[in-house]
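Asker: dropping a prediction and its sequence here:
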2 protein chains.
Amino acid sequence: MTAAADGGPARRCRLLVAYDGTGFHGFAPNEGVRTVLGELVETISLVVRRRVELVGAGRTDAGVHAWGQVVSGELPADTDLLDLRRRVNKLCGPQISVRDAHWAPDDFHARFSATSRSYRYHVWNDAAPSPLDARTSWHVVRPLALWAMQAAGDPLIGEHDFTSFCRRPKVAAGEPPASLVRRVHTVRWTRLDDTPMLRFEVTASSFCHQMVRSMVGAMVDVGLGRRTPADISALIRARDRSAAPTVAPPHGLILWEVGYGADQPAGDRR
Amino acid sequence: MTAAADGGPARRCRLLVAYDGTGFHGFAPNEGVRTVLGELVETISLVVRRRVELVGAGRTDAGVHAWGQVVSGELPADTDLLDLRRRVNKLCGPQISVRDAHWAPDDFHARFSATSRSYRYHVWNDAAPSPLDARTSWHVVRPLALWAMQAAGDPLIGEHDFTSFCRRPKVAAGEPPASLVRRVHTVRWTRLDDTPMLRFEVTASSFCHQMVRSMVGAMVDVGLGRRTPADISALIRARDRSAAPTVAPPHGLILWEVGYGADQPAGDRR
């Protein structure tokens, strides 16, 4: 327990958050536009009657969804978390949903404590669109070779410099450029039942900007026969963003889960 | 092949249509509002450059979705159906999707030739809403007893007068009231994987107005402990709409499939 800015006792909390990114200008607060974290901060501040500051495990771009985003920050220590969840969901739902709310150790930080992130990307691969999947999947009309896409994904596993797959972050003059080395743990393509819906699942230590969408764009190029799986290895080695593949559209992407390792279990709800 | 109204040769076609009902004022054309069939008629008329008339297998209410709606009508006999599908989907997609288009026998009628209809209804049963399922499922916060809901569904199977479950259709003065006897073939509740999503599947010869939503409302009442499965049998016998259960909201409902029997296979695509 620590002291809050206005003097009252505060306690670190950890929220599990889902959202439909369709109507938001991304996750991170941004002056003058509607963002997921901006709306959460406003609503929770209203409910606990104190200005709160919150951070998320990963920034998602405009249009990207989440099922398991994690958000942390300090709340008044006497907050009833079950009641908070109910009230926030009443005000923010159903576009944003606080799925769970726990107390966490004082040093818990949604972003810096995270040890892994998992994303999913859905591709609807059929001549005709699927109306009820249109908000959450990329519609690719030409037939995709799923085995080739998996073969293209395999070289992405392991520790690599993902410069070819990342939008280079802005750095201040004189600052060294940020490392784009990331460790990808797993990469998997599956077809859902016997439907035209293809699902890509990827887990990594962390991701740089547009990395999943660039990976999907490259693998879909392979699935269409425009590139070979071997081209993907060459693309990694090139470390050159200008050799970059198609960036898949944001609405097929969903932040699925954030991992914190065994030393950071979710805490009490009270 | 028959003669079209304006003299050119015409041929009966059969379209398989999916839609997201969210943005429409129902299926059937209705002066001054946007409806699914209204939009299809306008678009296909534009594409084939002739005024077409189309009928659907079942009218769905405002907000109700479809995966397997069937639509029939006459098109100019020289219409390229693959090209028609592509052009209609470009203009109407992704809210409406023509999944398939076939030629059909002259006596095929989407509604009168149909021998069965299947619907699905989804219930998200969790304290917190699911943002990406909010358009297509009913969010029920209090825990539902799935076994009790299945037990409540069993007495619905078979041929019954479903007056208690149907909104009585308007009839002209002096006309006899329409029969509300229907034959329900199958009724099934399942939980999707280990998620809070419950799926109801029902197949019948045909359905009267609001019948599926009334059935779901009654079974959810049982799942919440407000009624017992035996109450459902009593409700059927009562033949009394005023004893009617809660009507489940439209956005959880989806017209899944229409059956036509072995003598009405889908015809050629050319």
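Answerer: Everything's here; your move.

Asker: break down the stretch 51-200 of chain A into its helices, ranges please.
Answerer: If DSSP state H, counting those that start in this stretch is used as the criterion, the helices of the stretch 51-200 of chain A fall at A:81-92, A:146-153.

Asker: among those, which is the most enclosed?
Answerer: Comparing the helices of the stretch 51-200 of chain A by mean neighbour count (mean count of other Cβ atoms under 10 Å in any protein chain shown), helix A:146-153 comes out on top with a mean of 19. (C-beta placed from N, C-alpha, C; glycine too.)

Asker: so what does the strand or helix carrying A:Ala230 touch, helix or strand wise?
Answerer: Per DSSP states H and E: A:Ala230 is located in helix A:229-238. Counting contacts by 3 or more Cβ pairs under 8 Å, 6 or more residues apart in numbering or on different chains; DSSP states H and E, helix A:229-238 is packed against helix A:146-153, helix A:211-223.

Asker: now those as a markdown table including distance to chain B and mean pLDDT?
Answerer: As requested, those are exported to a markdown table (distance: least, Cβ to the nearest Cβ, whole Å; pLDDT from 0 to 100):
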| stretch | distance to chain B | mean pLDDT |
| --- | --- | --- |
| helix A:146-153 | 21 | 96 |
| helix A:211-223 | 17 | 96 |
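
Asker: take the ones you listed and write them to CSV, including distance to A:Val181.
Answerer: Listed next are those as CSV, based on distance: least, Cβ to Cβ, whole Å:
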stretch, distance to A:Val181
helix A:146-153, 19
helix A:211-223, 12
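
Asker: out of these, flag the one nearest B:Pro177.
Answerer: Closest to B:Pro177 of these is helix A:146-153 (Cβ to Cβ; 54.6 Å).

Asker: how about the residues of the stretch 101-250 of chain A by chain B?
Answerer: Neighbours of chain B within the stretch 101-250 of chain A, by Cβ under 8 Å from any Cβ of the partner chain: A:127-132, A:134-136, A:139.

Asker: what about 6 Å?
Answerer: With Cβ under 6 Å from any Cβ of the partner chain as the criterion, the stretch 101-250 of chain A meets chain B at residues A:128-129, A:131-132, A:134, A:136.

Asker: sorry, back to before: tell me how far the helix holding A:Ala230 is from the chain's mean position?
Answerer: Counting by Cα atoms, centre = their mean, to the nearest Å, helix A:229-238 is centred 25 Å from the centre of its parent chain.

Asker: neighbouring contacts of it?
Answerer: The contact list for helix A:229-238 (Cβ atoms under 6 Å, 6 or more residues apart in numbering or on different chains) reads A:151-152, A:155, A:160, A:164, A:218, A:222, A:243.

Asker: can you put those in a markdown table and add distance to A:Val171?
Answerer: Below are the contacts of helix A:229-238 laid out as a markdown table (distance: Cβ to Cβ, whole Å):
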| residue | distance to A:Val171 |
| --- | --- |
| A:Ala151 | 35 |
| A:Ala152 | 31 |
| A:Pro155 | 28 |
| A:His160 | 21 |
| A:Ser164 | 18 |
| A:Ala218 | 25 |
| A:Val222 | 32 |
| A:Ala243 | 21 |
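
Asker: nearest to A:Leu81, of these?
Answerer: Of all the contacts of helix A:229-238, A:Leu81 sits closest to A:His160, with 40.0 Å by Cβ to Cβ.

Asker: which one is the closest one nearest to, not counting chain neighbours?
Answerer: Of all residues not flanking A:His160 in the chain, A:Ile236 sits nearest, at 5.2 Å (Cβ to Cβ, 6 or more residues apart in numbering or on different chains).

Asker: next, count neighbours for that neighbour.
Answerer: For A:Ile236, the neighbour count with other Cβ atoms under 10 Å in any protein chain shown is 18.

Asker: about what we covered before: want to try a markdown table for the residues of the stretch 101-250 of chain A next to chain B, with distance to B:Thr79, neighbour count and pLDDT as columns?
Answerer: Listed next are those as a markdown table, based on distance: Cβ to Cβ, whole Å; neighbours: other Cβ atoms under 10 Å in any protein chain shown; pLDDT from 0 to 100:
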| residue | distance to B:Thr79 | neighbour count | pLDDT |
| --- | --- | --- | --- |
| A:Ala128 | 17 | 23 | 97 |
| A:Pro129 | 21 | 23 | 97 |
| A:Pro131 | 23 | 24 | 98 |
| A:Leu132 | 28 | 22 | 97 |
| A:Ala134 | 26 | 17 | 97 |
| A:Thr136 | 33 | 22 | 97 |
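
Asker: can I get those residues in a markdown table with distance to A:Asn30?
Answerer: Shown next, in a markdown table, are these (distance: Cβ to Cβ, whole Å):
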| residue | distance to A:Asn30 |
| --- | --- |
| A:Ala128 | 36 |
| A:Pro129 | 31 |
| A:Pro131 | 31 |
| A:Leu132 | 30 |
| A:Ala134 | 26 |
| A:Thr136 | 23 |
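
Asker: quick one: the strands in chain A?
Answerer: Listed in chain order, the strands of chain A (DSSP state E) span A:2-3, A:9-19, A:54-56, A:65-76, A:96-103, A:116-125, A:138-140, A:158-161, A:181-191, A:197-204, A:253-259.

Asker: and those as JSON lines, adding mean pLDDT and mean neighbour count?
Answerer: Conversion of the strands of chain A to JSON lines gives the following (pLDDT from 0 to 100; neighbours: other Cβ atoms under 10 Å in any protein chain shown):
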{"stretch": "strand A:2-3", "mean pLDDT": "56", "mean neighbour count": "10"}
{"stretch": "strand A:9-19", "mean pLDDT": "97", "mean neighbour count": "23"}
{"stretch": "strand A:54-56", "mean pLDDT": "97", "mean neighbour count": "20"}
{"stretch": "strand A:65-76", "mean pLDDT": "98", "mean neighbour count": "23"}
{"stretch": "strand A:96-103", "mean pLDDT": "97", "mean neighbour count": "22"}
{"stretch": "strand A:116-125", "mean pLDDT": "98", "mean neighbour count": "21"}
{"stretch": "strand A:138-140", "mean pLDDT": "98", "mean neighbour count": "21"}
{"stretch": "strand A:158-161", "mean pLDDT": "96", "mean neighbour count": "14"}
{"stretch": "strand A:181-191", "mean pLDDT": "97", "mean neighbour count": "16"}
{"stretch": "strand A:197-204", "mean pLDDT": "98", "mean neighbour count": "20"}
{"stretch": "strand A:253-259", "mean pLDDT": "97", "mean neighbour count": "23"}
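
Asker: can the ones you listed go into a markdown table with extra columns for distance to B:Met211?
Answerer: Listed next are the strands of chain A as a markdown table, based on distance: least, Cβ to Cβ, whole Å:
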| stretch | distance to B:Met211 |
| --- | --- |
| strand A:2-3 | 58 |
| strand A:9-19 | 33 |
| strand A:54-56 | 45 |
| strand A:65-76 | 34 |
| strand A:96-103 | 31 |
| strand A:116-125 | 31 |
| strand A:138-140 | 33 |
| strand A:158-161 | 56 |
| strand A:181-191 | 35 |
| strand A:197-204 | 30 |
| strand A:253-259 | 35 |
